[in-house]
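Peer 1: Here's my sequence, what's the structure:
(one chain, ligands or ions: 1)
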Amino acid sequence: MNISMDNFNKFNKFHTRFSFFVCFMTALAGLLFGLDIGVIAGALPFLSMDLMITHHQQEWVVSSMMFGAAIGAFCAGWISAKFGRRSSLLFGAILFIVGSLWSAFSLNVESLIIARILLGLAVGITSYTAPLYLSEIAPEKIRGSMISMYQLMITIGILVAYLSDTVFSYSGSWRWMLGIITIPAVLLFIGVLFLPGSPRWLAFHGRYKEAKKVLNMLRDSKEQVKKELNEIQDSLKIEQSGWQLFKENNNFRRAVFLGILLQIMQQFTGMNVIMYYAPKIFCLAGFNDTINQMWGTVFVGLINVLSTFIAISLVDNWGRKPTLKLGFGVMSVSMIILSFLLLIGVNNSFQKYFSVIMLMFFIIGFAMSAGPLVWVLCSEIQPLKGRDFGITISTSTNWIANMIVGATFLTMLEKFGNSNTFLFYGLLNFIFILITIKFVPETKNVSLEHIEKNLMKGKSLRNIGI
Ligand code: BGC
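Peer 2: Numbers count the residues shown, from 1 in each chain. Next comes the predicted model:
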């Protein structure tokens, strides 16, 4: 009896460990997403001096990655449906490796921009595929927290990039800052080689035996495997026909537009202005020493990681809508105060540190709300039949909006002045509170089927969770 119990425990442990390995390897894609977003902040001042590039070219170095990511996210639905989630992740990992090496060895700004577009393609493809694969492979009870875990990995990636930038900033070696990302990219590549195919994708292609084999490796009981296979078979009866549905059905169009709106709001909070140009913002706040600016940036990254935990604990208790409203409120107030400080000029150390505190409040506001919640909401509001289409559109929108913000910040500072630029983002965040009240539904503790039923019945968007 004891021996068989022992075997049973071992069996169980193997499944848990294997599921954990699979989730960890997939979340590594989130880490690379974060690394590539974060790395440019520290590398930019050094590479701009070295390659002697203008403000406008700097904006392009930053935003070319988002351009690639928008295209990558747009094609990812097709790639991952045709070749499978695993191949899609593998392709992303190869692009990460090539892009990281290429950017480290770039001799001029044009070559660097091409490398950043390649990295963007990798980020776009993996930022669509990884959460999808996770949701298809993770056991039901941890599915929700896996999406938040993914966001956590993004923020950890940003922090690690800031830290590594700071270490290399002592020697000013921007090529090392960009090149070192090859290591986690190779790790992702090797890890993905060991990942099993998605059972859902395999079943969709009629490969039931293989799907069952994968589920046998991931789940701890035969009954569970059987139950999930049946569920997969049932859900496959619903054919994905997003484009058709989009053309014909106004209710579905409303969900797609809500996804677009949510992602635009997330990006136009101005969060990435800080993510990409943090050292520059510290400079505006009166920190003239590069090393101080770099450590300040690491601090920004750390606050971002820690505040994501607030979201993870609030999202299922307090709900999506109040958390979002509070987050936009905090961001609005902190940006407006920052704008005021920049207007009167940061003259003494009190004002200097006060502006840093406002910056921190802004980061907390984002990381506890719009950061993770927009991804959560976007995956919840689409009806099953148009899910792939809806998520493709909202993910691509995220990257297009991200690119616009990244590509215009320095020009805005130049044209409208520092204070007005921050005021602009502060006011936008205020408008987002109103938009949240009017259009965003509360989806806490509501089944996806219920949301879908309400949406398709024509209920107003803000009530589809009731
Ligand atoms: C956003 C990214 C942002 C990151 C910051 C993500 O949710 O989509 O654009 O850089 O959060 O933590």
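
Peer 1: from this protein, which residue is nearest to the ligand?
Peer 2: Gly371 (4.2 Å; Cβ to the nearest ligand atom). Yep, even glycine has a C-beta here, placed from its N, CA and C like the rest.

Peer 1: SS state for that residue?
Peer 2: helix (DSSP: H, G, I helix; E, B strand; the rest coil).

Peer 1: Leaving out the residues flanking it, which one is nearest to it?
Peer 2: The spatial neighbour of Gly371 that comes closest, neighbours along the chain excluded (Cβ to Cβ, 6 or more residues apart in numbering), is Gln151 at 6.1 Å.

Peer 1: my read: that neighbour touches Pro372, true?
Peer 2: Yes - counting by Cβ atoms under 8 Å, Gln151 touches Pro372, with 4.2 Å between them.

Peer 1: what is in contact with the two at once?
Peer 2: 308, 311 (Cβ atoms under 8 Å, 6 or more residues apart in numbering).

Peer 1: pLDDT value on the residue nearest to Gly371, please?
Peer 2: In this model, Gln151 is scored at 83, pLDDT.

Peer 1: Show me what whatever helix or strand it lives in packs onto, helices and strands only.
Peer 2: If you go by DSSP states H and E, Gln151 is part of helix 143-169. For helix 143-169, the elements it packs on are helix 2-51, helix 109-137, helix 174-179, helix 290-314, helix 370-380, judged by 3 or more Cβ pairs under 8 Å, 6 or more residues apart in numbering; DSSP states H and E.

Peer 1: Report whether the first one contacts the ligand.
Peer 2: This points to helix 2-51. Yes - counting by Cβ under 6 Å from any ligand atom, contacts between helix 2-51 and the ligand involve Ile37.

Peer 1: moving C-terminal of that helix, what's the next helix or strand?
Peer 2: helix 55-83.

Peer 1: Check the helices and strands packed on helix 143-169 for me: which has the lowest mean pLDDT.
Peer 2: Minimum mean pLDDT among the helices and strands packed on helix 143-169: helix 2-51, a mean of 77.

Peer 1: For the protein, which residues are neighbours of the ligand?
Peer 2: So the chain meets the ligand at 37, 151, 154-155, 158, 266, 271-272, 275, 304, 371, 398, 402 (Cβ under 6 Å from any ligand atom).

Peer 1: Which strand or helix spans Lys227?
Peer 2: Counting by DSSP H and E, Lys227 is part of helix 222-236.

Peer 1: any residues touching the helix or strand just after that helix, and which ones?
Peer 2: Following helix 222-236 in sequence order, the next helix or strand is helix 242-248 (DSSP H and E). Here helix 242-248 makes contact (Cβ under 8 Å, 6+ apart) with 252-253, 256, 383, 385-390, 392.

Peer 1: rewinding a little: can you give me the offset of the helix holding Lys227 from its chain's centre?
Peer 2: Computed by Cα atoms, centre = their mean, to the nearest Å, the separation of helix 222-236 from the middle of its chain amounts to 30 Å.

Peer 1: Name the surrounding residues that touch that helix.
Peer 2: So helix 222-236 is in contact with 199-200, 203-204, 208, 211-212, 215-216, 219, 384, going by Cβ under 8 Å, 6+ apart.

Peer 1: The residues you listed: which two are farthest apart?
Peer 2: Asn216 and Leu384 (26.0 Å; Cβ to Cβ).

Peer 1: buried ones in stretch 157-172?
Peer 2: By neighbour count on 16 or more other Cβ atoms under 10 Å, the buried set for stretch 157-172 is 157-169.

Peer 1: ok, and what's touching that stretch?
Peer 2: So stretch 157-172 is contacted by 30-39, 41-43, 46, 174, 176-177, 180-181, 275, 278, 290-291, 294-295, 297-298, 300-302, 304-305 (Cβ under 8 Å, 6+ apart).

Peer 1: on that earlier part again, can I get the buried ones among the contacts of helix 222-236 as something I can paste into PyMOL?
Peer 2: To isolate the buried members of these in PyMOL, using 16+ other Cβ under 10 Å:
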select buried, resi 199+200+203+204+211+212+215+219
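
Peer 1: Show only the entries of the contacts of helix 222-236 found in helices.
Peer 2: Among those, DSSP state H puts 199-200, 203-204, 208, 211-212, 215-216 in helices.

Peer 1: okay if I get the residues you listed as JSON lines plus pLDDT?
Peer 2: Converted to JSON lines, these look like this (pLDDT from 0 to 100):
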{"residue": "Pro199", "pLDDT": "85"}
{"residue": "Arg200", "pLDDT": "83"}
{"residue": "Ala203", "pLDDT": "85"}
{"residue": "Phe204", "pLDDT": "83"}
{"residue": "Tyr208", "pLDDT": "85"}
{"residue": "Ala211", "pLDDT": "86"}
{"residue": "Lys212", "pLDDT": "88"}
{"residue": "Leu215", "pLDDT": "84"}
{"residue": "Asn216", "pLDDT": "85"}
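
Peer 1: So the closest residue to Gly327 other than its chain neighbours versus Val273, what's the distance?
Peer 2: Closest residue to Gly327 apart from its sequence neighbours, by Cβ to Cβ, 6+ apart: Ser369 at 2.3 Å. According to Cβ to Cβ, to the nearest Å, Ser369 stands 17 Å off from Val273.
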